[in-house]
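Asker: with the sequence up front, the predicted model follows.
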Amino acid sequence: MDEEKEYKAGPIVEKGIKELSLAIKTMAIYPSDHPAIKASVERLHATIQGLLEESRELRLEIAQKNLLVDGRFLDKSNEIFIDFAFQFHRRGVASVTFKKGLSAEELKAFLEVASTEPKMLQKIGGFLRLCQEKGISNINIVEIDYDKMLGVGEKIKEAEEEVKVRSDEEIWIDLIRSLNLYSGLKLGEVEHNFLLHLEQQPDRMAAYLEGVALRSFPGMRDLGGAAIRRTINNIGNYILKSVPEEKEVHRKGLAEVVSRLDLKLRLQLIDADIDIEPDQIDVVTEIIPYLSNSVIVEMMTLVVSTEGRVTERLVKLFHKIVPEEERKREVIALFGESLSDMSGQEDSLYMRRLIENLFLSKPTEEFISETYRKTLKELNEHIASLGEVKEYMDSFNERKIEEQASTVLLDLIRLETELRDYAEIAKNLGKAAMDFLLTGRYEKAKEIIEVLVEEAGPEKRKTDEERNACKGAMEELRDIAIVHELVAALRDWGKEKYETIHFILLNMGEIAVAPLLDALARETDRSLRKKIISILVSLGEQAIPEIVRRFSDKNWYVVRNMVRILREIGKEKAVRYFNLLLKHEDSRVRKEVIYALSTIGGAEAYGVIHSMADDPDEGVRRNAIKYLGAMKNKGAVPLLLELIHRRNPFGRNNSLVISGIEALGEIGAEEAVPGLIQLLRKSTIFARRKNDELRVAAATALEKIGSKEAMEALTRGSRYRRKIIRQVCERLIRKHQEIEKKG
């Protein structure tokens, strides 16, 4: 295949990988006979068949967080590619090759294997073995050769290990294999002692680590930093947990090892992004503060000499590895001298001032401030004499062409008057939006969705046929696998893309509700939970059916959360569904229902709360009575009057009666005044403290009602024998008088 054909095939291959990633995730979510899986497999199979029309096979080579096709990297910054590569790497896969003749059944079987958890794959013999057991013949799997990766040409047999003395290299390999297998938590005695001894020889350990980088993925030197970072992270976690009393010493020791690494590998190590297990610490982040100033300046100088200029990447790197303000000034002074020497500038003080302005100011978002840009330009003009200055510019590739084509279509649909052409443009826009969603270009997808929604709206005064064309294009985008990717992107893309993803999910409609609720159930990050709830609330009535379906969940807290979301949605239409929970076995759910109903309000909500005043649980009854008062509905007065007459002389149901009294005060029920006066006057020789609580509550309610009869009763109460009652009545009278003066 010539260079031009390879170039044009790229985006098609990328689309296939996106669909493969989506299909694997769909397989992990749904049972094998679910319609979503059938649709996903069929779409993926058609795409792969199209790719194999021009070639006998399609080979994907997998690094830890990078992906190659025909020896060429795909978009290294694409989060979907990174995640795809990492998931296969975790499952021990070095490459996957799809061959002509691949059937849909084989593809589905492969997806089942690919969606199996790594630990389960280990137990049953690995990825390749499971593929062989399923009879997959048109997909070739090559597993990672860990012995080769760690520097051993021949595998050491277990039987031989028991009887022969191992070399240092062999101990190192077993050590790294054990740390990888047990997440840095388990080593034999020989490996343990070897590691602690090796830590005291930083040059030697650095050499071993460089060997890991070089042999991890031959010909892919730029991946070495990730391999080293993972290895150092496992080693550091093991040492810091095994010898916790000497953490400071070991952090310094590991920092010294990093200082002895090849300079480029050192940079890659700090730049590399690896997943940290929940019970592990990020060792590299912990040891960075122990790197010397000269080591940091050496790395910064290398970046400038490699890239030919000071870049935004360097400024970000600087703030990452030197967070302390005082130390920043020390490093910048040394860096300024280094740059002056490199560029031959005599006025080193002027250059130093430029560097300080650039590096010591708080970096603005995406480094776009005018001051930053001006300083960066001026500084780079002073070091322009550096050899081999590299020019960076975006290539006009197929991806750019796709984006420009969509822009043209967006302009055309606003101008088109012919129905047939209009419908065709809408259809093509839908296809373009799907491609953008599959490839993670969410902003471009949002642009199209905004126009399709706008064109289908009543304000545009389009014909029914034109509106239906836009609605049809939107309907094609409502794919469950796409929705799952968008929900996952809420976490992966963070604040940067939240508004965009929020908008797209809203326009996905009801199909987005279940994945969002599933994500909410799993999510532990509080801020992200709020974002998910915000989207669900924005979906409004579209979310209600799925929320109600989850009322039957066996976990009470799940049901409670569904009630809370319904409360946030706040639609009176939702009130009728709360009847389903009036008999829920857990009182905490019933309490949440009362609160939700009181927030939503309305006659129907009042009726449901009124019925819950007879709940078997006293706490639920008390809440129902409290919120009947908060809703200020006069219809509750007879029930509340009946309740306060149930007073027990020994105060056994005090809390319930007090709730009723308080509710009467909130409602301002004048017809309750005689009964409240009777309670205020009632003295007893039994349970005096509890009786005082009732009398105080009655006095407070009388003041809130504020009628002439009520205030006269408080005046009499201010002369009662019982001191606490006198004081409360006096205070309430003063409060009432102050309010009247102001009012």
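Answerer: That came through, no problem.

Asker: for residue 605, which non-adjacent residue is closest in space?
Answerer: Of all residues not flanking residue 605 in the chain, residue 597 sits nearest, at 4.1 Å (CB to CB, 6 or more residues apart in numbering). Just so you know, the C-beta spots here come from the backbone N, C-alpha and C atoms, and that holds for glycine as well.

Asker: contacts only, for the one you found.
Answerer: Listed by CB atoms under 8 Å, 6 or more residues apart in numbering, the contact partners of residue 597 are 575, 578, 605, 606, 608, 609, 627.

Asker: which SSE is the fifth one in?
Answerer: It refers to residue 608. Per DSSP states H and E: residue 608 is located in helix 603-611.

Asker: do me a favour and average the pLDDT over that helix.
Answerer: Computed over helix 603-611, the mean pLDDT rounds to 83.

Asker: same check on stretch 718-731?
Answerer: 90.

Asker: which parts of that stretch are buried?
Answerer: Buried residues in stretch 718-731, counted by 16 or more other CB atoms under 10 Å: 718, 720, 725, 728, 729.

Asker: contact partners of that stretch?
Answerer: The contact list for stretch 718-731, computed with CB under 8 Å, 6+ apart, reads 680, 683, 692, 695, 696, 699, 700, 714, 715, 717, 733.

Asker: repeat that for stretch 629-648.
Answerer: With CB under 8 Å, 6+ apart as the test, stretch 629-648 has contacts from 598, 601, 605-606, 609-610, 613, 625, 628, 653-654, 656-657, 659-669, 671-672, 675-676, 679, 694.

Asker: how about stretch 677-695?
Answerer: For stretch 677-695, contacts defined as CB under 8 Å, 6+ apart pick out 644, 647, 649-651, 654, 657-658, 661, 697-699, 702, 709-710, 713-714, 717, 721-722, 724-725, 728.

Asker: just the ones of those residues in strands?
Answerer: Applying DSSP state E to those, no entry is found in strands.

Asker: put the buried members of these into a ChimeraX selection.
Answerer: Restricted to buried positions by 16+ other CB under 10 Å, the ChimeraX selection for the contacts of stretch 677-695 reads:
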select :644,647,651,654,657,658,661,697,698,699,702,710,713,714,717,725,728
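
Asker: now do the strands in this protein.
Answerer: 57-62, 67-69, 72-73, 93-99, 139-143.

Asker: related to what we said a few turns ago, just the pLDDT at the residue nearest to residue 605, thanks.
Answerer: 86.

Asker: pLDDT weak spots in the stretch 1-150 of the chain?
Answerer: 1-12, 28-31, 36, 64-65, 71, 76-79, 119, 145-150 (pLDDT under 70).

Asker: from memory residue 102 sits against residue 109, does it?
Answerer: No - the pair residue 102 / residue 109 is not scored as a contact, 10.7 Å apart, by CB atoms under 8 Å.

Asker: reformat the contacts of residue 597 as a markdown table; add distance to residue 168 and neighbour count.
Answerer: Formatted as a markdown table, the contacts of residue 597 follow (distance: CB to CB, whole Å; neighbours: other CB atoms under 10 Å):
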| residue | distance to residue 168 | neighbour count |
| --- | --- | --- |
| 575 | 73 | 20 |
| 578 | 70 | 25 |
| 605 | 75 | 23 |
| 606 | 80 | 19 |
| 608 | 75 | 21 |
| 609 | 75 | 25 |
| 627 | 73 | 25 |
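
Asker: circling back: for the strands of the chain, which one sits closest to residue 297?
Answerer: With CB to CB, the closest approach to residue 297 among the strands of the chain belongs to strand 72-73: 30.7 Å.

Asker: that closest one pairs with which strands, and in what direction?
Answerer: strand 67-69 (antiparallel) (DSSP bridges).

Asker: between which two of the buried residues of stretch 718-731 is the distance greatest?
Answerer: The most widely separated members of the buried residues of stretch 718-731, counting by CB to CB, are 720 and 728 (9.8 Å).

Asker: mind listing what residue 532 touches?
Answerer: By CB under 8 Å, 6+ apart, the contact set of residue 532 is 487, 490, 516, 519, 520, 523.

Asker: ok, of those, which one's closest to residue 256?
Answerer: residue 523 (39.9 Å).

Asker: so who does the closest one touch?
Answerer: So residue 523 contacts 491, 529, 532 (CB under 8 Å, 6+ apart).

Asker: give me the number of residues near the second one?
Answerer: By the measure other CB atoms under 10 Å, the count of residues near residue 529 is 16.

Asker: hang on, it packs against residue 521?
Answerer: No - the pair residue 529 and residue 521 does not pass the contact test of CB under 8 Å, sitting 9.9 Å apart.

Asker: for the most centrally placed residue in the chain, which non-adjacent residue is closest in space?
Answerer: In the chain, the residue lying closest to the centroid (CA atoms, centre = their mean) is residue 491, at 2.0 Å. Leaving aside its sequence neighbours, residue 491 sits nearest to residue 528 (CB to CB, 6+ apart; 6.0 Å).

Asker: count of residues packed around the one you found?
Answerer: So residue 528, with other CB under 10 Å, has 16 neighbours.

Asker: need the phi and psi values for residue 586.
Answerer: Torsion angles at residue 586 (phi, psi; degrees, to the nearest 10) stand at phi -100, psi 120.

Asker: so how far is residue 51 from it?
Answerer: Residue 586 is 53 Å from residue 51, where distance means CB to CB, to the nearest Å.

Asker: please identify which of the contacts of stretch 718-731 is nearest to residue 466.
Answerer: Using CB to CB, these come closest to residue 466 at residue 700, 64.6 Å.

Asker: for the closest one, give me the pLDDT.
Answerer: pLDDT for residue 700: 93.

Asker: quick one, what contacts the closest residue to it other than its chain neighbours?
Answerer: Excluding the flanking residues, the one nearest residue 700 by CB to CB, 6+ apart is residue 665, at 6.2 Å. Applying CB under 8 Å, 6+ apart to residue 665 gives the contacts 629, 700, 701, 702, 703, 704, 705.

Asker: which one of the residues you listed is nearest residue 175?
Answerer: Looking across the contacts of residue 665 and measuring by CB to CB, the closest to residue 175 is residue 629, at 69.3 Å.

Asker: look up the closest residue to the closest one, ignoring the ones flanking it.
Answerer: That would be residue 663: by CB to CB, 6+ apart, it lies 2.8 Å from residue 629.

Asker: isn't that neighbour up against residue 622?
Answerer: No - checked against CB under 8 Å, the pair residue 663 and residue 622 is beyond contact range at 10.1 Å.

Asker: how near is the residue lying closest to residue 338 once chain neighbours are set aside to residue 331?
Answerer: Leaving aside its sequence neighbours, residue 338 sits nearest to residue 301 (CB to CB, 6+ apart; 4.9 Å). From residue 301 across to residue 331, the span is 11 Å (CB to CB).

Asker: how is this structure divided into domains?
Answerer: 3-144, 168-382, 398-477 (automatic domain parsing).

Asker: list of residues touching stretch 253-273?
Answerer: 65, 199-200, 202-203, 205-206, 209-210, 213, 222, 224-226, 228-229, 232, 235-236, 239, 283-284, 287-288, 290-292, 295, 298-299, 302-303, 317, 320-321.

Asker: in that stretch, what counts as buried?
Answerer: Using 16+ other CB under 10 Å as the test for burial, stretch 253-273 gives 253-262, 264-270, 272.

Asker: about what we covered before: can you give me the pLDDT of the residue nearest to residue 629?
Answerer: According to the prediction, residue 663 has pLDDT 88.

Asker: ok, now which ones touch it?
Answerer: When contacts are counted by CB under 8 Å, 6+ apart, residue 663 is found next to 625, 626, 628, 629, 630, 636, 640.

Asker: do I have it right that the second one meets residue 661?
Answerer: No - with contact defined as CB under 8 Å, residue 626 does not count as touching residue 661 (11.0 Å).

Asker: all helices for the stretch 501-650 of the chain, in order.
Answerer: All helices of the stretch 501-650 of the chain, identified by DSSP state H, counting those that start in this stretch, fall at 513-522, 526-539, 544-549, 556-569, 587-600, 603-611, 618-630, 637-644.
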